[in-house]
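Undergrad: Return a 3D structure for these sequence lines:
(2 chains)
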Amino acid sequence: MKLSILATTAALIGCASAAQATNIEFWYGNTGNVEVAIKAQCDAFNAAQSEHKVNCIGQGSYEVSMQKAIAAYRAKNHPVLMQFFDAGTLDLMLSGAVEPVQDLLPDVAWDKYIAGARAYYETSGGKLFAQPYNSSTLLFYTNKTELEKAGIMQTPKTWEEVIEAARKLKAAGHACPFVTDGDTWRVLEQFSARHGLPIATKHNGYDGLDAEYVINTTFAAQHLTNLVEWRKEGLVRLAADTKAGNYTAAFNAGECAMMEQSSGSYAAAAKAFEGKYELTVDMAPMYKGYERHNTFVGGASIYVMKGHDKAEVDAAKAFLDFLRLPEQQMFFTAATGYVPVTTDVVDLIAKSADANSPKYATAKVGVESMNQPATPDTRGIRLGFYVQFRDIFMEETQKAFAGQQTMQVALDNTKKRGDQLLRRFEQTYKDKKLP
Amino acid sequence: MRSDSSLFSNRWLPILLVTPLMLLIVLFFYVPVFQAFYWSFFLEQPFGGSSEFVGLDNFRRVLSDPEFWKAGARTIVFMLSASSLAVALPLILAIAADRKIRLSLPARNVLVWPKGVAGASIGVVFAFIFNPFVGLMAPLNQMFPGIWAPGIDGTDAFLTLVMAHVWSGIPFNFVILLAGLRSIPHTMYQAAAMDGAGPWRRILDVQLPLIMPQLFLTLVLEFTESITSAFALIDTITGGGPGGSTTLLVYKIYVDGFRGYDLSGASTQTAILMVFVLALAACQFAFIGRRINYER
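TA: Numbers count the residues shown, from 1 in each chain, chains lettered A, B, ... in the order given. Model prediction:
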């Protein structure tokens, strides 16, 4: 008697939990209007079906989110779905902590992903490790109103034109013609990619862990030296030179007239400019005489972490499927300025009634920028401990901007310290092979 | 002879009372310390997985890294400048508050309040106060453009840190030093005054020697504090920049470990830093502590 009651209770509990949705967690690092859009997608997914439930948890920034994922994974307390940023790609590929999405979802038409987005996250064998999510690329923003006030009617397309425009702006009394934060992604990675320059040997590490940095010998070194000179001339300002203290804020407030920034900040800039200034957004400027190549995909992608049961992985798959839906991609693009990453969505936007609406302004130019002719050096960056390299680059170049050393010395030091990182990475992952 | 243990009727009671605290210390201090020392001999993969025993390789790597020594040198400059100021200023304030000058009573209260402010909050406030465009230095910058630029100039950033640290150290040191001064018997001053010693003479020959135990305590605490507690200030004010000029060792450890996923290198530097702090405190006790007369 008692036994049967127990059995019934057990069966009932079993049924109840089967009927209950599988709860999974998704961690992301974005804040602001991007976070609002991510939350909206999570809510839409949970509302659209009752089988799975995803809890989307913001971690404040990409770096913090990665730190927490490492700690959580070591404590076996990690989420199923995790958004990681571009710079962590190789660390994750060798971590053994993630399952390649192409293995989990073999039937998805992954080849629909635009080449620039694929190349960054796929193995040398062509297998996609993560599902590209909030994908951005570097674009050139100008405050058209301010430029026209200084007599510049055409948006500059080359660095030569940018500097000419900056001189005119300065002559017209503008305190901050061009602003940058000197961030590695903007001034080195995207610059090298679109000018077809390597960042490291072995095609930026795609062909082996024994790569070495070459940034101090390519044309990027000349560009960075130019930036120092231009800053002395008062044409280029650093974030710390601006009243706002932050270069995007300085541009959005109208303090600075031009900047290079991710397509992901388009929505914020457009909103800040509303009714005050006219905004233009274009492909990032080239030096004359260089052929334009593709820019890297930036932003982040979603990884499926190992160590979860089938129900949880199924929920994760369902959520990934949901995010790939054209309407979801279009919603996300319109809400944030991040670019769509599959060709069908790019076509859908082009055909839609809103094709020329400002909300898709970055989609067109961003995809165009990533679809420029590629070389083996513009696939992406596959270098270990790359986040730390970015910090080293910033540290050394800041010294150059402050006049403590020349830019060439700064880049030589960066290369030296960067190579030490690569060697240590090689030794740390001695037992692993580059996939 | 009456031993202290006779205070408690039950022999287990004192142990029971101490256990929760000991558990916390073991969990949050000794275990991580052990882990750090352990990892300093291994090359550890960030996500776990296989780790390789490398002997003293990590120490060799860290000790031959010029960045480590630069961060170490900055730590020592910070320690000497910030902590001596963080004791000297409260000393002046305490001597002033101890004399029955006008407003010394409210000052005694007001000066203690900043103790309640967390390091990170102080950092946020100071970042604003020393902002080159809207802060205290803004008028100076308008007269001489670019003279104060903590976002570009490493020295300015370092000065901001020192000032924030000194400010945050005032309350505690002030309380300790004032307590020391208050405990000096009045008869001492009266006797000194009778012998014709003026105020300055009394400070030098009566007050300072008699508050040596308190001065020593504040100095020892400040020296060790300045090495580790600068973290919150650096993280909120400068982020280690510009150009690494405010990357003290404690911040470098954080950056290497958490931003660079170099768990082994960060552990190795932690081990070295810990040994340094212990050695420093030991030296202070050995060379200065012994000469202090605690009897009155």
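
Undergrad: Next up, the contacts around the residue nearest the centre of chain B.
TA: Nearest residue to the geometric centre of chain B (C-alpha atoms, centre = their mean): residue B:225, 2.1 Å. Counting by C-beta atoms under 8 Å, 6 or more residues apart in numbering or on different chains, residue B:225 makes contact with B:83, B:169. Heads up, the C-betas are built off the backbone N, CA and C, glycines and all.

Undergrad: Roughly how far does it sit from chain A?
TA: 26 Å (C-beta to the nearest C-beta, to the nearest Å).

Undergrad: While we're on that residue, how confident is the model there?
TA: pLDDT, residue B:225: 85.

Undergrad: for residue B:292, same thing?
TA: 75.

Undergrad: isn't it right up against residue B:211?
TA: No - with contact defined as C-beta atoms under 8 Å, residue B:292 does not reach residue B:211; the gap is 10.4 Å.

Undergrad: any idea which helix or strand carries the residue nearest to the centre of chain B?
TA: Element membership of residue B:225, judged by DSSP states H and E, is helix B:212-228.

Undergrad: residues from chain B in reach of chain A?
TA: Proximity of chain B to chain A, by C-beta under 8 Å from any C-beta of the partner chain, involves residues B:43-50, B:52, B:61, B:65, B:67, B:131, B:133-134, B:149-154, B:240-244, B:247, B:255-256, B:258-262, B:264-265.

Undergrad: filter those to the buried ones?
TA: Neighbour counting with 16 or more other C-beta atoms under 10 Å in any protein chain shown marks B:43-49, B:61, B:65, B:67, B:131, B:149-154, B:240-244, B:247, B:255-256, B:258-262, B:264-265 as buried within the residues of chain B next to chain A.

Undergrad: dump the residue contacts of residue A:335.
TA: If you count contacts by C-beta under 8 Å, 6+ apart, then residue A:335 has A:33, A:36, A:37, A:40, A:267 around it.

Undergrad: Between the residues you listed, which sits nearest residue A:277?
TA: Minimum distance to residue A:277 across those is 15.4 Å, recorded for residue A:267 (C-beta to C-beta).

Undergrad: Surely that closest one touches residue A:358?
TA: No - Residue A:267 is not in contact with residue A:358 according to C-beta under 8 Å; the separation is 9.5 Å.

Undergrad: which one of those two has more residues nearby?
TA: Taking neighbours as other C-beta atoms under 10 Å in any protein chain shown, residue A:267 and residue A:358 compare with residue A:267 leading, 23 against 14.

Undergrad: What's the end-to-end length of stretch A:277-286?
TA: 25 Å (C-alpha to C-alpha, to the nearest Å).

Undergrad: What segments of chain B are strands?
TA: For chain B, the strands defined by DSSP state E occupy B:42-43, B:52-53.

Undergrad: Dump those strands to a markdown table, plus mean pLDDT.
TA: Listed next are the strands of chain B as a markdown table, based on pLDDT from 0 to 100:
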| stretch | mean pLDDT |
| --- | --- |
| strand B:42-43 | 90 |
| strand B:52-53 | 88 |
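
Undergrad: Domains in chain B, by residue range?
TA: Structurally, chain B divides into domains by automatic domain parsing as follows: B:1-29, B:60-291.

Undergrad: circling back: of the contacts of residue A:335, closest to chain B?
TA: Using C-beta to the nearest C-beta, residue A:33 is the member of the contacts of residue A:335 that sits closest to chain B, with 23.8 Å.

Undergrad: low-scoring stretches of the chain, by residue?
TA: This is for chain A. For chain A, the stretches with pLDDT under 70 are A:1-19.

Undergrad: wrong one, chain B
TA: Residues of chain B that meet the cut-off, pLDDT under 70, sit at B:1-6, B:295-296.

Undergrad: Quick check: phi and psi on whatever residue of it ends up closest to chain A?
TA: Nearest residue of chain B to chain A: residue B:151, at 2.5 Å (C-beta to the nearest C-beta). The phi/psi pair for residue B:151 (degrees, to the nearest 10) reads phi -80, psi -20.

Undergrad: Tell me the residues on the stretch 1-150 of chain A that lie near chain B, please.
TA: A:63, A:67, A:70, A:73, A:74, A:91, A:94, A:95, A:96, A:97.

Undergrad: Ok, the stretch 251-400 of chain A next?
TA: So the stretch 251-400 of chain A meets chain B at A:385, A:387, A:388, A:391, A:394, A:395, A:396, A:398, A:399 (C-beta under 8 Å from any C-beta).

Undergrad: For the last one, give me its contacts.
TA: Going by C-beta under 8 Å, 6+ apart, residue A:399 touches A:405, A:410, B:154, B:242, B:243, B:244.

Undergrad: could you redo the last one with a cut-off of 7 Å?
TA: For residue A:399, the contact set (C-beta atoms under 7 Å, 6 or more residues apart in numbering or on different chains) comprises A:405, A:410, B:243.

Undergrad: Look up the closest residue to the first one, ignoring the ones flanking it.
TA: The shortest distance from residue A:405 to any residue that is not its chain neighbour, by C-beta to C-beta, 6 or more residues apart in numbering or on different chains, is 5.2 Å, and that residue is residue A:399.

Undergrad: Contacts only, for residue A:91.
TA: A:384, B:46, B:261.

Undergrad: wait, I meant residue B:170
TA: B:89, B:90, B:111, B:114.

Undergrad: Residue A:374 too?
TA: Residue A:374 touches A:115, A:293, A:294, counting by C-beta under 7 Å, 6+ apart.

Undergrad: Columns neighbour count on top of those residues, output as CSV?
TA: Shown next, in CSV, are the contacts of residue A:374 (neighbours: other C-beta atoms under 10 Å in any protein chain shown):
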residue, neighbour count
A:115, 17
A:293, 19
A:294, 23
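
Undergrad: which strands and helices sit next to the host helix or strand of residue A:54?
TA: Assigned by DSSP H and E, residue A:54 belongs to strand A:52-58. Secondary-structure packing of strand A:52-58 (3 or more C-beta pairs under 7 Å, 6 or more residues apart in numbering or on different chains; DSSP states H and E): strand A:22-28, helix A:32-48, helix A:310-324.

Undergrad: closest one to residue B:104 among those?
TA: Across these, closest to residue B:104 is helix A:32-48 (C-beta to C-beta), at 49.5 Å.

Undergrad: CA atoms only: put that closest one into CSV for me.
TA: Extracted in CSV, the C-alpha atoms of helix A:32-48 (Å, rounded to 0.1, in the frame of the first residue of the first chain):
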residue,chain,number,x,y,z
GLY,A,32,22.7,49.5,-23.1
ASN,A,33,20.4,49.2,-26.1
VAL,A,34,22.1,46.0,-27.3
GLU,A,35,21.2,44.4,-24.0
VAL,A,36,17.6,45.5,-24.4
ALA,A,37,17.5,43.9,-27.8
ILE,A,38,19.0,40.6,-26.4
LYS,A,39,16.5,40.5,-23.6
ALA,A,40,13.7,41.1,-26.1
GLN,A,41,14.9,38.1,-28.2
CYS,A,42,14.9,35.9,-25.1
ASP,A,43,11.4,36.9,-24.1
ALA,A,44,10.2,36.4,-27.7
PHE,A,45,11.7,32.9,-27.6
ASN,A,46,10.1,32.0,-24.3
ALA,A,47,6.8,33.3,-25.5
ALA,A,48,6.9,31.5,-28.8
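
Undergrad: With that, I have no additional questions.
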